[in-house]
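>>> fold the following and give me the result.
(chains A and B)
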Amino acid sequence: MTSSRPSDSASSIPAYRYTAALAAGIEQRWQNYWQENHTFDAPNPAGPLADPVGVANRSKLFVLDMFPYPSGTGLHVGHPLGYIGTDVYARFKRMQGYNVLHAFGYDSFGLPAEQHAISTGVHPRVNTNANISNMRRQLRRLGLGHDERRSICTTDEEFYKWTQWIFLQIYNAWFDPSISRARHINELIAQFASGKRNTSSGQAWNTMTPAQKSLEIDEFRLAYLSDAPVNWCPGLGTILANEEVTAEGRSDIGNYPVFRRNMRQWTMRISVFSDRLLGDLDRLDWPEPIKLMQRNWIGRSEGARVAFSSSAGAINVFTTRPDTLFGATFIVLSPEHPLVETLCTAEQREHITAYIAQASATTDTDRQDDSRKKTGIFTGSYAINPVTNQPIPIWIADYVLMGYGTGAIMAVPSGDQRDFEFARQFDLQITATQMPTGAWFDQHHFPPSDDCATWPSAFVGEGNYVHSANDTLSLNGQRSIADAKNLMNAWLTERNLGEATVTYRLRDWLFSRQRYWGEPFPIVYDQDGLAHDVPESMLPVLLPELTDFSPQTLDPMDSTSDPVPPLARVTDWVTTTLDLGDGPRTYRREVNVMPQWAGSCWYELRYLDPTNTQRFVDPEVEKYWMGPATDEHTGGVDLYVGGVEHAVLHLLYARFWHKVLHDLGHVSSEEPFHRLFNQGYIQAYAYRDDRGQTVPAEEVTETNGSYTYGNEKVTREYGKMGKSLKNIVTPDEMYDEYGADTFRLYEMAMGPLEASRPWNTLDVVGMQRFLQRLWRNVVDEETGALAVSEDAIPETLLRQLHKCIAGVAADMETLRFNTAISKLIELNNDLTQYVNSGHRTPLSLITPMAQMLSPLCPHLAEEIWALLGHSTSITFEPFPVADPNLLASDTIEIPVQVNGKVRSRIVVLVGASQDDLLAAALSDDKVIAALGGVVPARSIAVVGRLVNFVL
RNA sequence: GCCGGCGUGGCCCAAUUGGCAGAGGCACCAGGUUUAGGACCUGGGUGUUGUGGGUUCGAGUCCCACCGCCGGCACCA
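Numbers count the residues shown, from 1 in each chain, chains lettered A, B, ... in the order given. I've put the predicted structure just below:
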């Protein structure tokens, strides 16, 4: 960073000017003060951090930042945006009397540290701890008001003990669909034992062996082992959750290829919560786009299951459009469909075998490629359309996936573009069931016709039903799709041919990772291979030390390789002798570890009661900070701020865990995060030379819209801060150059918190100048003496002050810090004019100004507060309240328009009526001139707003 | 392709929710101060509110169409 203030020669700069150096002294002094005085420690109502006196008679507020991963590269200026925002809000609310809980910890398990360990041989704990230290240092220098007693790391043994404990709660729970709730597994066992529930085999419970019982129960557990197709990523040596795989079929982290294959893995039965996860979104105060993304991900489809009879028995299809059943002219099965074998005729067998082989060699990604030509093959068999009673051909095509619905579709080519293209490709029948509108035909430049063999594409939309009747059912004529669906569903249900049903896109969550740096599962296997949970008294199951981080060399492209978890190599850890109630026996430990999401699924609860050794959180403490405010309220964090990138990963998983904990009675809140706010991103310009190489952004100069690096012309682009774009700006540089308060102010002033914007270091000076002017209004720059008077404040300035107070308080409440700052600058500019005209700053003005500044620039505000003679922190001073009498004035200026153009302004009393306004306007010289003697055809007067004459 | 968000001075952004297009910052210009530079002080708004239509006495704001950028989903049955 090249300094814009060359040779800060001490002689030319006043000794007490608010420079970066002066700010640094002030800031570090107050940071020490806050730490020594435990200023931001929030009292709990119960448990180890209990302080009932501190809690009494205060409203509570729980403010939360999304859990950061402690990155090795440290913070850049984009990272703290949300942290500053929550800090400003938390400080503002403290001044309004709230008991504010604001803590900050680290999501410190994860792949990057392990990858680093593999390449360096250094234990990931060493690297992780160093990264956390560096991040703590950077954040402390920012002056964030966190309760330091509550700073946790997911890698702490005391923390992951409880992560394992929660895993066991989930493991020992099942979902009871009859009440749509998770229950303890013992209640299921009781149902089996009493005969209230039948076992899957029909065998009586008390005649089953322990192993049989165990397998029966495992089918219900919310955490279970499954032999399901997984996303195998050889490049990372681990499997990944669906949410961690990009649309391109590559890993979210590292961008390695991902392959589908079967493996035995721990899985979370999140899918049974689909309905609640979807429905409760409506009860949350979240940005609509995030809710939409979760809704899309959960993917609820309402439709019908319809049975088509065939020589191989009934073929069940799922459709969202049962109303178009009359137009179903063929069936398409997924190549993996179990009935394919039975349905293919002898003469087609050879071709079909070849097609299936070809399809299985094609990745899911390719099969979902939109631009690909449709492929498929006829089985030779026919099914009966249940409404038309006509035989329709059964085809196989790879565009139908086994993983969605039933792996079989009824094709309605007239109403579905994919089916339409397929029918055209293979010359299959197309029957219209809905008549498109005239507009649709116009748009396609086509004469209206119900012969859809001639249509240019399928028609999707509302249209009159045609060709949709049999002896006992008719949909024909004008009716809504919903209406038609209901008629069809009722008809199908009555004849046992199908039923209305709902499917979800959300799959169960693959929960194991074949890595080292994660929480070990509290699970052991006996000699029969049956899983047992490790009792609570033996938690935590500690991660064993590992000295060899050498990677298992897997070819990222080799889909047939097998994962070998690093823990499998620690043989004396894997084999263990435990007494699980039936004497000491030898067990084999689970060698997979939990995914990184585990810790972040519940960390907010641990902030509440971080030192509790008896429970993961004291129930009374949880209820105080996160309990529902009313009967309808979900409970949860009062304000959760973070980036949009966690929309369907962390936010969905955490909601799921929280609901399980709620159902089992461990927490009173139904949702973890009641109000969510997405902050925008700070990005930065980057520059490339002729060869396409990025050049250091801070060394590029701009002249008249063109950019040069050295003598070379470079082109500008815009993107995330990072090493590859060479456009990183760090908070440390800002502290050195301007100080933390200026940096905080700039981050908050550059735009609304939710908006993304480009970083521009050159603009920061504007905020520094503001603070310098403010400082100069308080302190004599040359001597350091207080320059404040106790003289009365003139009325105009007093009115400006109260207007500012009202505006700033409203802006802070709604997180509009950018406009709050502009109002403070405005007031300070007014004050500066007053001071420059020979007055001194009135004490009664600077006092509320310091208070209003305090959330944004806490160090400077503390310093001014102390200079004004106060001996306690400004942190808990009440935020100023505007006097309504000083907000209103007696007169108001009203614009007068003639034909919508402003021609004059009149000054009237505030309460002036319409008639008063018109009379005053008509007697105004400029208005008379503009009217030119013409009597207005219409006169509009809006009280308090304007007057408009229409000629 | 579908869904969502956003387009306002050279740049980042305001605009009481339909009522005077401009609060604040950067940049820029002029003047003051200064040996000079920086800093500071005073003054200055540089515009077809992305484009085209519509509703209205009145549109940055509401409606329709289109263009551009960002994000999400994508043979989802």
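
>>> which other helices and strands does the helix or strand hosting A:Ala383 contact?
A:Ala383 belongs to strand A:377-384 when assigned by DSSP states H and E. Strand A:377-384 is packed against strand A:301-310, helix A:340-343, helix A:346-361, strand A:391-396, with contacts defined by 3 or more CB pairs under 8 Å, 6 or more residues apart in numbering; DSSP states H and E. The way it works is simple: take the backbone N, C-alpha and C, and place the C-beta from them, glycine included.

>>> how about the third one and RNA strand B, touching?
The reference is to helix A:346-361. No - contact of helix A:346-361 with RNA strand B is not found when judged by CB under 7 Å from any atom of the strand; the minimum separation is 10.5 Å.

>>> for A:Thr375, helix, strand, or coil?
coil (DSSP: H, G, I helix; E, B strand; the rest coil).

>>> OK, contacts around it?
A:Tyr355, A:Gln358, A:Ala397, A:Asp398 (CB atoms under 8 Å, 6 or more residues apart in numbering).

>>> and of those, the nearest to RNA strand B?
Relative to RNA strand B, the closest of the contacts of A:Thr375 is A:Asp398; by CB to the nearest atom of the strand it sits at 6.6 Å.

>>> how close does the residue lying closest to the closest one once chain neighbours are set aside sit to A:Gln348?
Counting by CB to CB, 6 or more residues apart in numbering, A:Asp398 lies nearest to A:Ala359, which is 4.2 Å off, once chain neighbours are set aside. As judged by CB to CB, to the nearest Å, A:Ala359 and A:Gln348 stand 15 Å apart.

>>> so for these two, which residue has more residues nearby?
Using other CB atoms under 10 Å, the more surrounded residue of A:Ala359 and A:Gln348 is A:Ala359, with 20 against 17.

>>> whichever residue of chain A sits closest to RNA strand B and A:Ile821, how far apart?
Residue nearest to RNA strand B within chain A: A:Gly766 (2.0 Å; CB to the nearest atom of the strand). Counting by CB to CB, the gap from A:Gly766 to A:Ile821 is 10 Å.

>>> A:Arg589 too?
Distance from A:Arg589 to A:Ile821, by CB to CB: 56 Å.

>>> circling back to that earlier point, comparing the helices and strands packed on strand A:377-384, which comes out most buried?
strand A:391-396 (a mean of 21; mean count of other CB atoms under 10 Å).

>>> partners of it in the sheet?
Counting by DSSP bridges, the strands paired with strand A:391-396 are strand A:330-333 (parallel), strand A:377-384 (antiparallel).

>>> relative to strand A:301-310, how tilted is it?
Angle of strand A:391-396 versus strand A:301-310, following axes from the mean of the first three to the mean of the last three CA atoms, to 10 degrees, is 110 degrees.

>>> and strand A:391-396 with helix A:346-361, angle?
Going by the same axes, to 10 degrees, strand A:391-396 makes 40 degrees with helix A:346-361.

>>> how would you label A:Tyr224: helix, strand or coil?
A:Tyr224 ends up strand, using three-state DSSP.

>>> from memory it sits against A:Asp218, does it?
Yes - with contacts counted by CB atoms under 8 Å, A:Tyr224 reaches A:Asp218, the gap being 5.7 Å.

>>> neighbour count: those two, which is higher?
Using other CB under 10 Å as the criterion, A:Tyr224 and A:Asp218 rank with A:Tyr224 on top: 20 against 16.

>>> in the sheet, who's paired with that one?
According to DSSP bridges, beta-bridge pairing links A:Tyr224 with A:Thr267.

>>> residues in contact with it?
A:Tyr224 touches A:Asp218, A:Trp266, A:Thr267, A:Arg269, counting by CB under 8 Å, 6+ apart.

>>> return the distance of the third one relative to A:Trp509.
Noted for A:Thr267: a distance of 7 Å to A:Trp509, by CB to CB.

>>> out of these two, which sits in the busier spot?
Higher neighbour count among A:Thr267 and A:Trp509: A:Thr267, with 23 against 20, using other CB under 10 Å.

>>> for that one, give me the pLDDT.
pLDDT for A:Thr267: 93.

>>> tell me if I'm right that it and A:Pro595 touch.
No - contact between A:Thr267 and A:Pro595 fails when scored by CB under 8 Å: they sit 11.5 Å apart.

>>> what touches both of these two?
A:Phe511.

>>> for A:Gly145, which residues are in contact?
Counted by CB under 8 Å, 6+ apart, A:Gly145 has contacts A:Trp34, A:Thr39, A:Phe40, A:Asp87, A:Ala90, A:Arg91, A:Arg94, A:His102, A:Pro858, A:Thr875.

>>> ok, now A:Pro520?
Counting by CB under 8 Å, 6+ apart, the residues that A:Pro520 touches are A:Gln164, A:Val541, A:Leu542, A:Leu543, A:Leu567, A:Arg589, A:Glu590, A:Val593, A:Met594.

>>> repeat the analysis, applying 6 Å as the threshold.
A:Val541, A:Leu543, A:Val593 (CB atoms under 6 Å, 6 or more residues apart in numbering).

>>> pretty sure the first one contacts A:Pro522?
If I follow you right, that is A:Val541. Yes - here A:Val541 reaches A:Pro522: they are 5.0 Å apart, a contact under CB atoms under 6 Å.

>>> what touches both of these two?
A:Val534.

>>> ranges for the strands of the stretch 51-200 of chain A?
A:60-65, A:99-102, A:173-176, A:181-184 (DSSP state E, counting those that start in this stretch).

>>> and the contacts of A:Pro520, which of them are in strands?
Counting by DSSP state E, none of the members of the contacts of A:Pro520 fall within strands.

>>> top of these by number of neighbours, please.
A:Val593 (25 neighbours).

>>> reformat the contacts of A:Thr375 as CSV; add pLDDT and distance to A:Ile728.
As requested, the contacts of A:Thr375 are exported to CSV (pLDDT from 0 to 100; distance: CB to CB, whole Å):
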residue, pLDDT, distance to A:Ile728
A:Tyr355, 88, 52
A:Gln358, 81, 48
A:Ala397, 89, 49
A:Asp398, 85, 45
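
>>> residue numbers of the stretch 751-900 of chain A in contact with RNA strand B?
Counting by CB under 7 Å from any atom of the strand, the stretch 751-900 of chain A sits next to RNA strand B at A:751-752, A:755-758, A:760, A:762-763, A:765-767, A:769-770, A:772-773, A:816, A:818-819, A:821-823, A:825-826, A:829, A:832-833, A:836, A:893, A:895, A:897, A:899-900.
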